[in-house]
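K.L.:
the following block contains a protein sequence and its predicted model.
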Amino acid sequence: MALTAGALLVHGYHPFAEDAEIYLPGVERILHPELFPAGQEFFGSHANLTFFPNLIALSLQALHLPFEAGLFLWHLLSIFFFLLACWELSGRCFPNPRARWAGVTLVAALLTLPVAGTDLYIVDQYLNPRNLSAFACVFAIIRIVEKKYLRAGLWLAFALSVHPLMPMYTISFCLLLAAMERLERRPAPETPVVSNAAMAFLLPLGALFSAATPAYHEAVQFHSAHYVLRWAWYEWLGILAPVGLLWWFGRIAWVRQWRAMERMCRALIFYDLAYFAAALLFSIPKSFEALARLQPMRSLHLLYILTFLMAGGLLGEYVLESRFWRWLVLFVPLGVGMFAAQRSLFPASAHIELPGVPPKNPWAQAFVWIRENTPENAVFSIDPYYMRISGEDTVGFRCLALRSRTVDVNKDSGAVSMFPPLAETWWEQFQALRGWKSFHTPDFLRLRERYGVGWIVVQQPGVQGLECPYQNATVRVCRLP
């Protein structure tokens, strides 16, 4: 519990940020079916493939918890179980409790470390399906190491039920671990078990191929993380550097007879290079553009978890030892640095946005006013780039205001990248919103005629001639005539 509390203090909590805009409306619509009469396809496509919204909604109803309090509790539980899983796995790698504590503490200190160019963190600052699938995937790996395959399957089934993509990387890693263990028992197998396991995982991926339309192509331009050839050089370093580290860790484990850790290091090297090759394949031919939505480099998420867990364990074993001052020298500056990084990401928001506390962020204040003072069937329009505006802090409109809105380029284009049939709808609305910052009343009235927009959210000083019942120093909420 102490590590969970420490992780929360370092990394913060922002319940309506980033991908909460994709995942929370599905929960809110289960609790209140009258919400989101327009645009629900942009979050419903995700919600229909996962048990996550049902799980959260049912738990809140069963426990009679307020929405925000329930999200906070689930977030704390997801961190706790993730660190507990890391503690158990480190016990399979290191016999020394000191090394185990160092490994888990390093992971806890780095929860919001960016995973190369994938647009992922190890654990996000808000509740989402990735956080729940992450701890389930680590527990599954523990059971594979213990050769308890049924239990591993149950953990993977839970992970798949809340997130249909991220556990697939863990499944491939578990198949690889099991195959390597079999190869060690049978040095000269008649069939190439590792290749067969990899092929069994890769063959179904072809079923997801579909031709990319011009509208789809425009949507994915906002998501360069899908295409490894668009990554910066230092992001490529995040792919290749772990190979050298894992080789080194594996040599240490081989000398110390830590067999589970040594096998995981070898498996992770193959895993990393195989997914890197797949990412290159999906990035180079334009005909494979739609396949890039499989995002092979998201495999780095699991690789980073395991690499930092082992790195921390080795630091505890060979460097930190029982010298308390050494632990302070490592973890205090690391925690301060991660805290500072989070404050730079959310400068206009409270570091920990506790349930029931009015938001500090002016955009969030406007969204809360909308939730409390406008009709549930109201349709809003907002700058499609609103999440990229300085000071907005990536606060999601739908998930906080609980109202429908026209499309954006951050999250709705992300839904398009995963679900190509949405592309034409998204592209049509996005075209209608081009030039938003120079819009005047006739432009907004055009949106009313085409999409039923009755309200708009604009930056100060706003637009002349419109009634704006709410405003603060940053934004106005205006009603269209």
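P.N.:
Good, I have the coordinates.

K.L.:
where exactly do the strands run in the protein?
P.N.:
Ranges of strands within the chain are 379-382, 404-405, 455-459, 467-471, 475-479, based on DSSP state E.

K.L.:
how about these in TSV, adding mean neighbour count, mean pLDDT and distance to Pro333?
P.N.:
Quick note: C-beta positions are derived from backbone N, CA and C, even for glycine. Output for the strands of the chain, formatted as TSV (neighbours: other Cβ atoms under 10 Å; pLDDT from 0 to 100; distance: least, Cβ to Cβ, whole Å):
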stretch	mean neighbour count	mean pLDDT	distance to Pro333
strand 379-382	24	97	40
strand 404-405	26	96	42
strand 455-459	23	96	38
strand 467-471	14	95	42
strand 475-479	21	96	37
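
K.L.:
tell me which of these approaches Gly70 most closely.
P.N.:
Between Gly70 and the strands of the chain, the shortest separation by Cβ to Cβ is 23.2 Å, and it involves strand 404-405.

K.L.:
name every strand pairing with that closest one and say which way it goes.
P.N.:
For strand 404-405, the paired strands and their directions (DSSP bridges) read strand 379-382 (parallel).

K.L.:
next one, pLDDT for the residue lying closest to Leu354 once chain neighbours are set aside please.
P.N.:
Nearest residue to Leu354 in three dimensions, chain neighbours excluded: Phe72, at 7.2 Å (Cβ to Cβ, 6 or more residues apart in numbering). Phe72 carries a pLDDT value of 98.

K.L.:
count of neighbours near Phe72?
P.N.:
Using other Cβ atoms under 10 Å, Phe72 has 22 other residues around it.

K.L.:
residues touching it, list them.
P.N.:
By Cβ atoms under 8 Å, 6 or more residues apart in numbering, the residues touching Phe72 are Tyr13, Pro15, Leu354, Pro355.

K.L.:
the second one and Tyr126 touch, don't they?
P.N.:
Yes: Pro15 is in contact with Tyr126 according to Cβ atoms under 8 Å; the separation is 5.1 Å.

K.L.:
what do these two both touch?
P.N.:
Counting by Cβ under 8 Å, 6+ apart, the shared contacts of Pro15 and Tyr126 are Leu71, His75.

K.L.:
per-residue confidence at the residue lying closest to Trp327 once chain neighbours are set aside?
P.N.:
Closest residue in space to Trp327, ignoring its immediate chain neighbours: Leu320 at 5.4 Å, by Cβ to Cβ, 6+ apart. Leu320 carries a pLDDT value of 92.

K.L.:
list the buried residues of the lengthiest helix in the chain.
P.N.:
Longest helix in the chain, counting residues (DSSP state H): helix 67-93. Of the residues in helix 67-93, 67-68, 70-76, 78-93 count as buried by neighbour count, 16 or more other Cβ atoms under 10 Å.

K.L.:
mind checking how far Tyr271 is from Leu110?
P.N.:
20 Å (Cβ to Cβ, to the nearest Å).

K.L.:
what of Tyr227?
P.N.:
Distance of Tyr227 to Leu110, computed by Cβ to Cβ: 26 Å.

K.L.:
more neighbours: these two, which one.
P.N.:
Neighbour totals were compared for Tyr227 and Leu110, and Leu110 leads with 23 against 20 (other Cβ under 10 Å).

K.L.:
my read: that one touches Ile122, true?
P.N.:
Yes: in terms of Cβ under 8 Å, Leu110 counts as a neighbour of Ile122; the distance is 6.2 Å.

K.L.:
can you list the domains in the protein?
P.N.:
For the chain, automatic domain parsing gives the domain ranges 66-321, 362-479.

K.L.:
hang on, the earlier thing: which neighbours do Leu110 and Ile122 share?
P.N.:
Both Leu110 and Ile122 are in contact with Phe308, where contact means Cβ under 8 Å, 6+ apart.

K.L.:
can you give me the helices for the stretch 201-350 of the chain?
P.N.:
Assigned by DSSP state H, counting those that start in this stretch, the helices in the stretch 201-350 of the chain fall at 214-220, 233-256, 259-283, 300-315, 324-345.

K.L.:
can you check the stretch 51-200 of the chain too?
P.N.:
In the stretch 51-200 of the chain, the segments counted as helices under DSSP H, counting those that start in this stretch are 52-63, 67-93, 97-109, 129-145, 149-162, 166-185, 193-202.

K.L.:
redo the ones you listed as CSV? Include distance to Trp426.
P.N.:
Below are the helices of the stretch 51-200 of the chain laid out as CSV (distance: least, Cβ to Cβ, whole Å):
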stretch, distance to Trp426
helix 52-63, 21
helix 67-93, 27
helix 97-109, 37
helix 129-145, 22
helix 149-162, 25
helix 166-185, 24
helix 193-202, 29
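
K.L.:
mind checking which of these is nearest Gln429?
P.N.:
Short answer: helix 52-63, nearest of the helices of the stretch 51-200 of the chain by Cβ to Cβ, at 23.9 Å.

K.L.:
any chance you could list what contacts that closest one?
P.N.:
Contacts to helix 52-63, defined as Cβ under 8 Å, 6+ apart, come from residues 23, 26-27, 29-31, 47, 65-67, 70-71, 74, 127-129, 132, 162-163.

K.L.:
only whichever of these are buried, select them in ChimeraX.
P.N.:
With 16+ other Cβ under 10 Å as the criterion, this ChimeraX line picks the buried residues out of those:
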select :23,26,27,29,30,47,65,67,70,71,74,127,128,129,132,162,163
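
K.L.:
how about Asn472, nearest residue that isn't a chain neighbour?
P.N.:
That would be Pro362: by Cβ to Cβ, 6+ apart, it lies 4.9 Å from Asn472.

K.L.:
can you count the residues close to Trp363?
P.N.:
Neighbourhood size, Trp363 [other Cβ under 10 Å]: 26.

K.L.:
actually, Phe222.
P.N.:
Around Phe222 there are 21 other residues, counting by other Cβ under 10 Å.

K.L.:
is it true that it touches Ala415?
P.N.:
No: under the criterion of Cβ under 8 Å, Phe222 makes no contact with Ala415, lying 11.4 Å away.

K.L.:
just how off-centre is stretch 346-363 within its chain?
P.N.:
20 Å (Cα atoms, centre = their mean, to the nearest Å).

K.L.:
for PyMOL, write a command that selects the buried ones of the contacts of Phe72.
P.N.:
In PyMOL, a selection of the buried entries from the contacts of Phe72 looks like this (16+ other Cβ under 10 Å):
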select buried, resi 13+15
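
K.L.:
from the contacts of Phe72, pick the one nearest Gln429.
P.N.:
Comparing the contacts of Phe72 against Gln429 with Cβ to Cβ places Pro15 closest, at 26.8 Å.

K.L.:
got the contact list for the closest one?
P.N.:
Counting by Cβ under 8 Å, 6+ apart, Pro15 makes contact with Glu68, Leu71, Phe72, His75, Tyr126, Leu127, Glu353, Pro355.
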